[in-house]
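1. A structural model of the following input is requested.
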Amino acid sequence: MSEAFHPELEATAERIASMEIRGAATIAGAAAEALATQARASDAADPAGFRREHRRAGRRLYDTRPTAVSLPNALRYVLDRMDGDSVAELRASVVEAAEAFQTRLDRAQTDLGEIGANRLRDGDTVMTHCHSTDALACVEAAVEQGKELSAVVKETRPRNQGHITAEQLRAAGVDVTLIVDSAARRYLDEVDHVLVGADSIAADGSVVNKIGTSGLAVNARERGVPIVVAAQTIKLHPETLTGQTVEIEMRAETEVVDDETRAEIGGVAVENPAFDVTPPRYVDAIVTESGQFPPETIVTLMRELFGESAARPWADSEE
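-> Okay, here's the model as predicted:
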(Lines give C-alpha, C1' and ligand atoms only; values in the text may rest on other atoms or scores of the structure.)
Protein backbone atom coordinates (compact mmCIF):
# COMPACT_ATOMS: atom_id res chain seq x y z
CA MET A 1 0.00 0.00 0.00
CA SER A 2 1.27 3.45 -0.91
CA GLU A 3 0.38 6.53 1.14
CA ALA A 4 2.25 9.05 -0.99
CA PHE A 5 0.35 12.20 -1.81
CA HIS A 6 -1.04 12.57 -5.31
CA PRO A 7 1.08 15.07 -7.31
CA GLU A 8 -1.93 17.36 -7.73
CA LEU A 9 -2.51 17.46 -3.96
CA GLU A 10 1.15 18.25 -3.38
CA ALA A 11 1.04 20.96 -6.04
CA THR A 12 -2.08 22.45 -4.45
CA ALA A 13 -0.40 22.51 -1.04
CA GLU A 14 2.62 24.31 -2.46
CA ARG A 15 0.46 26.86 -4.29
CA ILE A 16 -1.53 27.62 -1.15
CA ALA A 17 1.65 27.97 0.90
CA SER A 18 3.19 30.35 -1.64
CA MET A 19 -0.09 32.32 -1.84
CA GLU A 20 -0.39 31.60 -5.54
CA ILE A 21 -3.79 30.32 -4.47
CA ARG A 22 -5.34 33.01 -2.26
CA GLY A 23 -8.72 34.22 -1.12
CA ALA A 24 -11.01 32.36 1.26
CA ALA A 25 -13.24 30.67 -1.31
CA THR A 26 -10.40 29.82 -3.69
CA ILE A 27 -8.32 28.23 -0.94
CA ALA A 28 -11.29 26.23 0.38
CA GLY A 29 -12.30 24.96 -3.05
CA ALA A 30 -8.76 23.96 -3.95
CA ALA A 31 -8.34 22.01 -0.69
CA ALA A 32 -11.61 20.11 -1.14
CA GLU A 33 -10.75 19.21 -4.73
CA ALA A 34 -7.27 18.06 -3.67
CA LEU A 35 -8.81 15.63 -1.17
CA ALA A 36 -11.14 14.30 -3.87
CA THR A 37 -8.18 13.81 -6.20
CA GLN A 38 -6.33 11.92 -3.49
CA ALA A 39 -9.39 9.73 -2.89
CA ARG A 40 -9.89 8.89 -6.56
CA ALA A 41 -6.25 7.87 -6.97
CA SER A 42 -5.82 6.08 -3.63
CA ASP A 43 -4.52 2.52 -3.72
CA ALA A 44 -5.07 1.94 0.00
CA ALA A 45 -5.46 -1.77 0.74
CA ASP A 46 -7.95 -1.44 3.57
CA PRO A 47 -10.28 1.12 5.20
CA ALA A 48 -7.84 1.90 8.02
CA GLY A 49 -5.13 2.71 5.50
CA PHE A 50 -7.48 4.92 3.49
CA ARG A 51 -8.52 6.87 6.56
CA ARG A 52 -4.90 7.29 7.67
CA GLU A 53 -3.86 8.42 4.19
CA HIS A 54 -6.56 11.08 4.06
CA ARG A 55 -5.88 12.37 7.54
CA ARG A 56 -2.26 12.80 6.47
CA ALA A 57 -3.40 14.53 3.26
CA GLY A 58 -5.58 16.87 5.31
CA ARG A 59 -2.68 17.62 7.62
CA ARG A 60 -0.43 18.38 4.65
CA LEU A 61 -2.95 20.91 3.35
CA TYR A 62 -3.70 22.42 6.77
CA ASP A 63 -0.03 23.09 7.51
CA THR A 64 0.26 25.35 4.47
CA ARG A 65 -1.89 28.17 5.92
CA PRO A 66 -3.05 27.24 9.46
CA THR A 67 -4.45 30.73 10.13
CA ALA A 68 -6.70 30.79 7.02
CA VAL A 69 -10.20 30.10 8.40
CA SER A 70 -11.65 28.71 5.17
CA LEU A 71 -8.95 26.05 4.78
CA PRO A 72 -9.70 24.01 7.93
CA ASN A 73 -13.42 24.47 7.26
CA ALA A 74 -13.02 22.76 3.87
CA LEU A 75 -11.03 19.95 5.48
CA ARG A 76 -13.62 19.52 8.24
CA TYR A 77 -16.51 19.46 5.80
CA VAL A 78 -14.95 16.71 3.67
CA LEU A 79 -13.16 14.59 6.26
CA ASP A 80 -16.04 14.60 8.75
CA ARG A 81 -18.17 13.05 6.01
CA MET A 82 -15.64 10.31 5.21
CA ASP A 83 -17.65 7.19 6.00
CA GLY A 84 -17.91 3.55 4.97
CA ASP A 85 -16.89 -0.01 5.71
CA SER A 86 -14.81 -0.48 2.57
CA VAL A 87 -12.26 1.49 0.59
CA ALA A 88 -14.80 1.91 -2.21
CA GLU A 89 -17.40 3.36 0.17
CA LEU A 90 -14.83 5.65 1.80
CA ARG A 91 -13.60 6.85 -1.59
CA ALA A 92 -17.14 7.59 -2.73
CA SER A 93 -17.93 9.49 0.48
CA VAL A 94 -14.88 11.75 0.17
CA VAL A 95 -15.53 12.52 -3.50
CA GLU A 96 -19.23 13.16 -2.85
CA ALA A 97 -18.48 15.46 0.10
CA ALA A 98 -15.86 17.39 -1.88
CA GLU A 99 -18.25 17.84 -4.80
CA ALA A 100 -21.08 18.95 -2.49
CA PHE A 101 -18.76 21.44 -0.83
CA GLN A 102 -17.63 22.83 -4.20
CA THR A 103 -21.23 23.12 -5.41
CA ARG A 104 -22.12 25.02 -2.25
CA LEU A 105 -19.06 27.23 -2.69
CA ASP A 106 -19.88 27.98 -6.33
CA ARG A 107 -23.37 29.19 -5.41
CA ALA A 108 -22.57 30.74 -2.05
CA GLN A 109 -21.99 34.35 -3.06
CA THR A 110 -24.94 34.44 -5.44
CA ASP A 111 -27.29 32.94 -2.85
CA LEU A 112 -25.92 35.22 -0.14
CA GLY A 113 -26.39 38.26 -2.35
CA GLU A 114 -30.02 37.42 -3.06
CA ILE A 115 -30.73 36.95 0.66
CA GLY A 116 -28.96 40.17 1.61
CA ALA A 117 -30.73 42.10 -1.13
CA ASN A 118 -34.04 41.39 0.57
CA ARG A 119 -32.96 43.63 3.45
CA LEU A 120 -32.45 46.58 1.11
CA ARG A 121 -35.34 48.73 -0.07
CA ASP A 122 -35.63 50.94 -3.09
CA GLY A 123 -34.02 54.29 -2.27
CA ASP A 124 -31.89 52.99 0.63
CA THR A 125 -28.41 54.26 1.39
CA VAL A 126 -25.77 51.90 2.76
CA MET A 127 -22.49 52.68 4.46
CA THR A 128 -19.59 50.33 3.78
CA HIS A 129 -16.21 49.73 5.38
CA CYS A 130 -13.20 48.18 3.63
CA HIS A 131 -13.82 45.92 0.61
CA SER A 132 -16.00 42.82 0.76
CA THR A 133 -17.21 40.94 -2.30
CA ASP A 134 -19.93 39.36 -0.12
CA ALA A 135 -21.25 42.79 0.90
CA LEU A 136 -21.03 43.96 -2.71
CA ALA A 137 -23.02 40.90 -3.80
CA CYS A 138 -25.96 42.05 -1.67
CA VAL A 139 -25.96 45.51 -3.24
CA GLU A 140 -25.50 44.19 -6.77
CA ALA A 141 -28.39 41.74 -6.33
CA ALA A 142 -30.62 44.55 -5.07
CA VAL A 143 -29.73 46.69 -8.09
CA GLU A 144 -30.53 43.75 -10.38
CA GLN A 145 -33.95 43.61 -8.70
CA GLY A 146 -34.52 47.17 -9.91
CA LYS A 147 -33.83 48.98 -6.65
CA GLU A 148 -32.06 52.33 -6.75
CA LEU A 149 -29.42 52.54 -4.02
CA SER A 150 -26.75 54.96 -2.89
CA ALA A 151 -23.68 54.34 -0.77
CA VAL A 152 -21.45 56.19 1.65
CA VAL A 153 -18.07 54.48 1.38
CA LYS A 154 -15.38 54.82 4.03
CA GLU A 155 -11.92 55.08 2.53
CA THR A 156 -10.58 52.55 5.08
CA ARG A 157 -7.06 53.54 6.00
CA PRO A 158 -4.26 52.71 5.79
CA ARG A 159 -4.60 50.75 2.52
CA ASN A 160 -7.68 52.55 1.21
CA GLN A 161 -9.61 49.41 0.26
CA GLY A 162 -12.69 51.62 0.23
CA HIS A 163 -11.50 53.01 -3.09
CA ILE A 164 -12.01 49.55 -4.62
CA THR A 165 -15.49 49.36 -3.11
CA ALA A 166 -16.37 52.81 -4.43
CA GLU A 167 -15.22 51.93 -7.94
CA GLN A 168 -17.14 48.64 -8.04
CA LEU A 169 -20.33 50.10 -6.58
CA ARG A 170 -20.24 52.92 -9.11
CA ALA A 171 -19.81 50.36 -11.89
CA ALA A 172 -22.92 48.60 -10.55
CA GLY A 173 -24.94 51.80 -10.94
CA VAL A 174 -24.88 52.96 -7.32
CA ASP A 175 -24.53 56.65 -6.45
CA VAL A 176 -21.35 56.74 -4.30
CA THR A 177 -20.01 59.26 -1.78
CA LEU A 178 -16.46 58.54 -0.56
CA ILE A 179 -15.59 59.82 2.94
CA VAL A 180 -12.61 59.76 5.25
CA ASP A 181 -12.91 57.21 8.06
CA SER A 182 -13.25 59.80 10.80
CA ALA A 183 -16.35 61.31 9.14
CA ALA A 184 -18.43 58.14 9.51
CA ARG A 185 -20.39 59.27 12.58
CA ARG A 186 -21.46 62.47 10.83
CA TYR A 187 -22.95 60.58 7.88
CA LEU A 188 -24.69 57.80 9.81
CA ASP A 189 -27.87 59.88 10.09
CA GLU A 190 -28.07 59.75 6.29
CA VAL A 191 -27.83 55.98 5.87
CA ASP A 192 -30.30 53.12 6.30
CA HIS A 193 -27.87 50.23 6.80
CA VAL A 194 -24.23 49.64 7.59
CA LEU A 195 -23.15 46.73 5.39
CA VAL A 196 -19.78 45.05 5.99
CA GLY A 197 -18.06 41.73 5.36
CA ALA A 198 -16.09 39.57 7.75
CA ASP A 199 -12.68 37.99 7.93
CA SER A 200 -14.06 35.41 10.37
CA ILE A 201 -17.02 34.91 12.71
CA ALA A 202 -16.71 33.36 16.17
CA ALA A 203 -19.10 30.88 17.75
CA ASP A 204 -20.67 33.57 19.96
CA GLY A 205 -21.44 35.73 16.92
CA SER A 206 -18.50 38.12 17.33
CA VAL A 207 -17.34 39.47 13.98
CA VAL A 208 -13.66 39.81 13.12
CA ASN A 209 -13.25 42.32 10.32
CA LYS A 210 -11.08 45.17 9.08
CA ILE A 211 -9.93 47.51 11.86
CA GLY A 212 -12.52 50.23 12.39
CA THR A 213 -15.55 47.94 12.06
CA SER A 214 -16.20 47.78 15.79
CA GLY A 215 -16.11 51.55 16.24
CA LEU A 216 -18.46 51.96 13.29
CA ALA A 217 -20.83 49.39 14.80
CA VAL A 218 -20.93 51.18 18.16
CA ASN A 219 -21.69 54.50 16.48
CA ALA A 220 -24.33 52.89 14.26
CA ARG A 221 -26.09 51.34 17.24
CA GLU A 222 -26.18 54.72 18.96
CA ARG A 223 -27.78 56.21 15.83
CA GLY A 224 -30.22 53.30 15.43
CA VAL A 225 -28.73 52.20 12.11
CA PRO A 226 -28.78 48.40 11.58
CA ILE A 227 -25.43 46.65 11.13
CA VAL A 228 -25.57 43.79 8.61
CA VAL A 229 -22.62 41.45 8.16
CA ALA A 230 -22.41 39.55 4.85
CA ALA A 231 -20.19 36.48 5.04
CA GLN A 232 -20.10 33.07 3.43
CA THR A 233 -20.16 30.15 5.85
CA ILE A 234 -16.52 29.36 5.10
CA LYS A 235 -15.78 32.40 7.30
CA LEU A 236 -17.21 30.69 10.41
CA HIS A 237 -14.49 29.84 12.94
CA PRO A 238 -15.16 26.47 14.67
CA GLU A 239 -11.97 26.72 16.74
CA THR A 240 -13.80 29.32 18.84
CA LEU A 241 -16.28 26.67 20.03
CA THR A 242 -13.74 25.79 22.71
CA GLY A 243 -13.05 29.40 23.66
CA GLN A 244 -10.02 29.98 21.43
CA THR A 245 -9.62 33.63 20.59
CA VAL A 246 -8.99 34.90 17.07
CA GLU A 247 -5.49 36.24 16.58
CA ILE A 248 -5.37 39.81 15.33
CA GLU A 249 -2.70 40.33 12.69
CA MET A 250 -0.33 43.26 13.19
CA ARG A 251 0.88 44.61 9.87
CA ALA A 252 3.95 46.62 8.95
CA GLU A 253 4.20 50.23 10.15
CA THR A 254 5.23 51.26 6.62
CA GLU A 255 1.55 50.98 5.66
CA VAL A 256 0.88 53.86 8.07
CA VAL A 257 3.95 56.06 7.66
CA ASP A 258 6.62 56.07 4.97
CA ASP A 259 10.32 56.20 5.82
CA GLU A 260 10.56 59.96 5.35
CA THR A 261 7.61 60.65 7.65
CA ARG A 262 8.94 58.14 10.14
CA ALA A 263 12.23 60.02 10.34
CA GLU A 264 10.41 63.33 10.87
CA ILE A 265 8.22 61.95 13.66
CA GLY A 266 11.12 60.42 15.51
CA GLY A 267 11.10 57.76 18.19
CA VAL A 268 7.40 56.95 18.55
CA ALA A 269 5.78 53.54 18.40
CA VAL A 270 3.59 52.87 15.38
CA GLU A 271 1.09 50.01 15.49
CA ASN A 272 -1.02 48.77 12.61
CA PRO A 273 -3.60 46.12 13.62
CA ALA A 274 -5.37 44.68 10.59
CA PHE A 275 -8.62 43.65 12.30
CA ASP A 276 -10.81 44.25 15.32
CA VAL A 277 -13.64 42.31 16.99
CA THR A 278 -17.22 43.54 17.00
CA PRO A 279 -19.29 41.98 19.83
CA PRO A 280 -22.57 40.35 18.75
CA ARG A 281 -24.69 42.90 20.64
CA TYR A 282 -23.77 45.49 17.99
CA VAL A 283 -24.71 43.27 15.03
CA ASP A 284 -28.29 43.02 13.79
CA ALA A 285 -27.91 40.17 11.32
CA ILE A 286 -25.34 37.90 9.73
CA VAL A 287 -26.27 37.12 6.13
CA THR A 288 -24.91 33.85 4.70
CA GLU A 289 -25.77 31.62 1.76
CA SER A 290 -27.79 29.52 4.23
CA GLY A 291 -29.97 32.45 5.30
CA GLN A 292 -29.75 35.37 7.70
CA PHE A 293 -29.18 34.81 11.40
CA PRO A 294 -29.11 36.80 14.62
CA PRO A 295 -25.43 36.65 15.64
CA GLU A 296 -26.16 34.70 18.82
CA THR A 297 -27.59 31.79 16.79
CA ILE A 298 -24.74 31.43 14.28
CA VAL A 299 -23.23 28.64 16.40
CA THR A 300 -26.08 26.33 15.33
CA LEU A 301 -25.14 26.72 11.67
CA MET A 302 -21.46 26.34 12.52
CA ARG A 303 -22.09 22.97 14.18
CA GLU A 304 -24.37 21.79 11.38
CA LEU A 305 -21.73 22.41 8.73
CA PHE A 306 -18.44 21.75 10.48
CA GLY A 307 -19.19 19.47 13.41
CA GLU A 308 -20.17 19.62 17.05
CA SER A 309 -16.71 20.54 18.28
CA ALA A 310 -13.44 22.11 17.23
CA ALA A 311 -11.92 18.68 16.61
CA ARG A 312 -9.39 18.43 13.80
CA PRO A 313 -10.15 15.29 11.77
CA TRP A 314 -6.82 15.60 9.96
CA ALA A 315 -5.04 15.25 13.32
CA ASP A 316 -7.11 12.23 14.47
CA SER A 317 -4.53 9.57 13.78
CA GLU A 318 -3.15 6.43 15.36
CA GLU A 319 0.30 7.25 13.95
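
2. what's whichever strand or helix holds Thr12 in contact with?
-> Using DSSP states H and E, Thr12 sits in helix 7-17. For helix 7-17, the surrounding residues in contact (C-beta atoms under 8 Å, 6 or more residues apart in numbering) are 5, 21, 27, 30-31, 33-35, 37-38, 57, 60-61, 63-65, 68, 71. Any C-beta I mention is one placed from the backbone N, CA and C, and that applies to glycine too.

3. hmm, try it at 10 Å
-> Helix 7-17 is contacted from outside by 4-6, 20-22, 26-27, 30-31, 33-41, 57, 60-65, 68, 71, using C-beta atoms under 10 Å, 6 or more residues apart in numbering.

4. what subset of these is buried?
-> 5-6, 21, 27, 30-31, 33-39, 57, 60-62, 64-65, 68, 71 (16 or more other C-beta atoms under 10 Å).

5. ok, back up a step: pull the distance from the helix or strand following the helix holding Thr12 to the chain's centre.
-> Heading C-terminal from helix 7-17, the first helix or strand you meet, by DSSP H and E, is helix 24-41. Taking C-alpha atoms, centre = their mean, to the nearest Å, one finds the center of helix 24-41 at 17 Å from the center of the full chain.

6. please apply the same query to stretch 272-280.
-> On the basis of C-alpha atoms, centre = their mean, stretch 272-280 sits 14 Å off its chain's mean C-alpha point.

7. now it: buried residues?
-> Across stretch 272-280, burial judged by 16+ other C-beta under 10 Å covers Asn272, Ala274, Phe275, Asp276, Thr278, Pro280.

8. now, those residues that are in strands?
-> Phe275, Asp276, Thr278 (DSSP state E).

9. any chance of TSV for the residues you listed, columns pLDDT?
-> As requested, those are exported to TSV (pLDDT from 0 to 100):
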residue	pLDDT
Phe275	92
Asp276	96
Thr278	97
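
10. in a markdown table, list those along with distance to Ile248.
-> Below are these laid out as a markdown table (distance: C-beta to C-beta, whole Å):
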| residue | distance to Ile248 |
| --- | --- |
| Phe275 | 5 |
| Asp276 | 7 |
| Thr278 | 12 |
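
11. ok, so of these, who is nearest His163?
-> Comparing those against His163 with C-beta to C-beta picks out Phe275 as the nearest, at 19.3 Å.

12. beta-bridge partners for that closest one, please?
-> Phe275 forms beta bridges with Lys210, as assigned by DSSP bridges.

13. for Asp175, give me the backbone phi and psi.
-> Backbone geometry at Asp175, expressed as degrees, to the nearest 10, gives phi -80, psi 120.

14. can you get me a residue count around it?
-> Residues within reach of Asp175, counting by other C-beta atoms under 10 Å, total 12.

15. correct me, but it touches Val143?
-> No: under the criterion of C-beta atoms under 10 Å, Asp175 makes no contact with Val143, lying 11.0 Å away.

16. so which of the buried residues of stretch 272-280 would you say is closest to Leu241?
-> When the buried residues of stretch 272-280 are ranked by distance to Leu241 (C-beta to C-beta), Pro280 comes first, at 14.9 Å.

17. Ala57: what secondary structure?
-> Put simply, Ala57 is helix when judged by DSSP: H, G, I helix; E, B strand; the rest coil.

18. typo on my end, Val176
-> At Val176 the chain is in strand, as set by three-state DSSP.

19. quick one: contacts for it?
-> Counting by C-beta under 10 Å, 6+ apart, Val176 has contacts 128, 149-153, 162, 165-170.

20. what do you get if the cut-off is 8 Å, keeping everything else the same?
-> Ser150, Ala151, Val153, Ala166, Leu169, Arg170.

21. of those, grab the buried ones for ChimeraX.
-> Entered in ChimeraX, the line below selects the buried ones among these, by 16+ other C-beta under 10 Å:
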select :150,151,153,166,169
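
22. can you list the contacts of Val176 in CSV and add pLDDT and secondary structure?
-> Below are the contacts of Val176 laid out as CSV (pLDDT from 0 to 100; DSSP: H, G, I helix; E, B strand; the rest coil):
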residue, pLDDT, secondary structure
Ser150, 98, strand
Ala151, 98, strand
Val153, 98, strand
Ala166, 98, helix
Leu169, 98, helix
Arg170, 98, helix
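
23. now do the strands in this protein.
-> 125-128, 150-154, 175-179, 193-196, 200-201, 207-210, 227-230, 275-278, 285-288, 291-293.

24. tell me the buried residues in stretch 234-250?
-> Counting neighbours by 16+ other C-beta under 10 Å, stretch 234-250 gives Ile234, Lys235, Leu236, His237, Pro238, Glu239, Thr240, Leu241, Val246 as buried.

25. could you do stretch 79-89 as well?
-> Buried-residue list, stretch 79-89, by 16+ other C-beta under 10 Å: Leu79, Arg81, Met82, Val87.

26. I'd guessed the last one sits against Asp46; true?
-> Spelled out, it's Val87. Yes: Val87 is within contact range of Asp46, at 6.8 Å (criterion: C-beta atoms under 8 Å).
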